[in-house]
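Undergrad: sequence-free structure coming up:
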Ligand SMILES: O=c1[nH]cnc2c1ncn2[C@@H]1O[C@H](COP(=O)(O)OP(=O)(O)O)[C@@H](O)[C@H]1O
Ligand SMILES: [Ca+2]
């Protein structure tokens, strides 16, 4: 049976991708055949014939070249980005008659609006593959225009231009265009949020893309978590093996934060409060996911809450002061579940940005290398930074002499490549980094004055979720060149619902 993604919430379920009525190659063929409006005179017949043959041969060559290119992009750009279980066809044959289609997802987040343009390719009789993503982000978020709605249109048009440049003209009409808003609009008074959405809808309707009545909406927090869980498990290849292991997802936005994972322990399901479990139907399986979004616990909301309550003079070190305030803010806000200790988690958005911003990912990598050269890492995951002496009070610079090299690791050094590459660290590394950054801030002004508070917040938030300090987290911005965001999971869902509308009987 054909594989696809379907959602339990639908009354009738169908598989995500059904045969589009008009494949892009058919469209292109038609375009070529429309070129033949030459006036044919008797003498010009042989000449016309020659020109026709020439155009035909050129077209075939061009078609083969672009098709082969597309095949390479499948295997190179996104090896894990494939759904269904078919193996790659041998080089050259997968491209024959393959279809290309696109989907555009706008993420209206609380701190910025982003466009994700997804390109999919479907070889004949196979399930589609994600072949490319184009991404662009703008700041501030849509909610910043709550009192000047007209101004919000400019950024939306700018991002629409990115989609127009990326998607060939022939595909515009068939490409779904969707915007989903998250915490920023959830936190606005309903009327203001609706006015902003109406404005976006007007701009969308004037665009050349496929725009439905449901093209703009505020997404609920559970769907946000579930969609991001689908994205991360799709990109890591976890969805390909039915019954295989999956990974958990941690997303820290500006206004809200989401946690989602697939519980394996019956006790977790039973101990989860109402609203924390969601059924998701996908690849002929039902997943009972633990997924929850905490509105108001995003990093920017937390900053407000933490700062709003500070009273009097600092009585202790900056880190202790911050930690005490953060604990107050988090008190009784987060549901803790034992099982998170045993699930592999990917963390992105602010989790990643913060760690990369203070050079934490790089420092951990280097500390691990040093440790490996010196003595080898212990079997149990522990903080490599901690092992090298990054204990409180933190040293600004640690240098460990080894017989072969001089090892050093230092926070605050951000290499340009950091923005793209991720890495693993343990939860305790956030605390080590927080202590170091807070301590440095006490004596010298920092370029990012919020780092101390932000790192303290993240460290305690993770502990509130139930992660021990030794828990390894994978931090990343992209997997196989695709943004780790709910946007990909959400476009699957949207295309699925479009197909369901087209053929309700299937
Ligand atoms: O697609 C993405 N790629 C990279 N980072 C993203 C993406 N989407 C959101 N982020 C990150 O998420 C954080 C902001 O969250 P956002 O503005 O989405 O708040 P919200 O989710 O609470 O509405 C920032 O760290 C931003 O860089
Ligand atoms: Ca977000």
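TA: Happy to help now that I have it. From a predicted model like this one, the values you see are computed outputs, not experimental measurements. Ligands and ions are numbered 1, 2, ... in the order given.

Undergrad: just checking, next helix/strand downstream of the helix or strand hosting residue 162?
TA: If you go by DSSP states H and E, residue 162 is part of helix 152-166. Remark: after helix 152-166, the chain's next helix or strand is strand 177-181, criterion DSSP H and E.

Undergrad: just checking, what packs against the next helix or strand after that next one?
TA: Heading C-terminal from strand 177-181, the first helix or strand you meet, by DSSP H and E, is helix 183-186. Packing partners of helix 183-186 (3 or more Cβ pairs under 8 Å, 6 or more residues apart in numbering; DSSP states H and E): helix 190-205. To be clear about C-beta, it is placed using only N, CA and C from the backbone, and glycine gets the same treatment.

Undergrad: helices and strands around the helix it packs on, which ones?
TA: In this structure, helix 190-205 packs against helix 152-166, strand 177-181, helix 183-186, strand 216-218, with contacts taken as 3+ Cβ pairs under 8 Å, 6+ apart.

Undergrad: Of those, which is nearest ligand 1?
TA: helix 183-186 (3.5 Å; Cβ to the nearest ligand atom).

Undergrad: number of nearby residues for residue 97?
TA: 14 (other Cβ atoms under 10 Å).

Undergrad: isn't it right up against residue 124?
TA: Yes: in this structure, residue 97 is within contact of residue 124 by Cβ atoms under 8 Å, at 4.8 Å.

Undergrad: what does the stretch 351-500 of the chain put close to ligand 1?
TA: Residues of the stretch 351-500 of the chain lying near ligand 1 by Cβ under 6 Å from any ligand atom: 353, 477, 483, 485.

Undergrad: neighbour-wise, which of those leads?
TA: residue 485 (25 neighbours).

Undergrad: measure that one to ligand 2 for me?
TA: Using Cβ to the ion, to the nearest Å, residue 485 is found at 7 Å from ligand 2.

Undergrad: list the contacts for that residue?
TA: Neighbouring residues of residue 485 by Cβ atoms under 8 Å, 6 or more residues apart in numbering: 107, 114, 116, 228, 231, 251, 348, 349.

Undergrad: Using JSON lines, lay out these together with neighbour count and pLDDT.
TA: Listed next are these as JSON lines, based on neighbours: other Cβ atoms under 10 Å; pLDDT from 0 to 100:
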{"residue": "107", "neighbour count": "25", "pLDDT": "98"}
{"residue": "114", "neighbour count": "19", "pLDDT": "98"}
{"residue": "116", "neighbour count": "26", "pLDDT": "98"}
{"residue": "228", "neighbour count": "28", "pLDDT": "98"}
{"residue": "231", "neighbour count": "26", "pLDDT": "96"}
{"residue": "251", "neighbour count": "29", "pLDDT": "98"}
{"residue": "348", "neighbour count": "24", "pLDDT": "97"}
{"residue": "349", "neighbour count": "24", "pLDDT": "97"}
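
Undergrad: In JSON lines, list those residues along with secondary structure.
TA: Below are those laid out as JSON lines (DSSP: H, G, I helix; E, B strand; the rest coil):
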{"residue": "107", "secondary structure": "strand"}
{"residue": "114", "secondary structure": "strand"}
{"residue": "116", "secondary structure": "strand"}
{"residue": "228", "secondary structure": "helix"}
{"residue": "231", "secondary structure": "helix"}
{"residue": "251", "secondary structure": "strand"}
{"residue": "348", "secondary structure": "strand"}
{"residue": "349", "secondary structure": "strand"}
